[in-house]
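*Asks:* sequence plus predicted model, see below.
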Amino acid sequence: MRTTFILDDELYRRVKMSAAERGVTVTSVVEEALRLLLAQQAAATPPSLGPMPVDANASWVRPGIDVNDGSAVLEALDADRGIDAVR
C-alpha cells in the first residue's frame, strides 16, 4: 500500500542515515520500526477474557467476579472454604 507521512526533518534524516548504513530503503526502516512498536504494544497489553457467561442453572457461575482480576478470583474461591481450609 502506498501512503504519505509527514515526518519531522531530523527524524527523517536519522531514518535515511540508518537506511543508508544498512543498505536498505527508508520504507523498510519505517516498516520495521512500526512492526516492532506494534509487537511491543501487543505484548504489553494482555488480552481480556471478557465477561463470564451467566447460566442460572450453573452453580459455579458467580456474577460480579472479574475473571481478569486474580485476587478477586482467589477471594471468591476462598469464600467457599472455612478459615482452616485456607491455612
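*Replies:* Perfect, thanks for sending it.
*Asks:* please count neighbours and contacts with C-alpha atoms only from this point.
*Replies:* Noted.
*Asks:* and residue 28, what helix or strand is that in?
*Replies:* Residue 28 belongs to helix 26-44 when assigned by DSSP states H and E.
*Asks:* and the average pLDDT for that helix is what?
*Replies:* Averaged across helix 26-44, the pLDDT comes to 93.
*Asks:* go on, stretch 1-21?
*Replies:* 94.
*Asks:* hmm, back to that, helices or strands next to the helix holding residue 28 in the packing?
*Replies:* With contacts defined as 3 or more CA pairs under 8 Å, 6 or more residues apart in numbering; DSSP states H and E, helix 26-44 has these neighbours: helix 9-22.
*Asks:* next, the buried residues of the helix it packs on.
*Replies:* Across helix 9-22, burial judged by 16 or more other CA atoms under 10 Å covers 15, 16, 19.
*Asks:* go on, stretch 33-41?
*Replies:* Within stretch 33-41, judged by 16+ other CA under 10 Å, no residue is buried.
*Asks:* with just CA atoms, put that stretch into CSV.
*Replies:* Output in CSV follows, covering the C-alpha atoms of stretch 33-41 (Å, rounded to 0.1, in the frame of the first residue of the first chain):
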residue,chain,number,x,y,z
ALA,A,33,10.0,0.3,13.3
LEU,A,34,6.2,0.1,13.0
ARG,A,35,6.3,-3.7,13.3
LEU,A,36,8.5,-3.5,16.4
LEU,A,37,6.3,-0.9,18.0
LEU,A,38,3.1,-2.8,17.3
ALA,A,39,4.6,-6.1,18.6
GLN,A,40,5.7,-4.3,21.9
GLN,A,41,2.3,-2.9,22.4
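*Asks:* for the residue nearest the centre of the chain, what are phi and psi?
*Replies:* Geometric centre of the chain, nearest residue: residue 45, 1.7 Å, by CA atoms, centre = their mean. Torsion angles at residue 45 (phi, psi; degrees, to the nearest 10) stand at phi -110, psi 100.
*Asks:* good, we can wrap up now.
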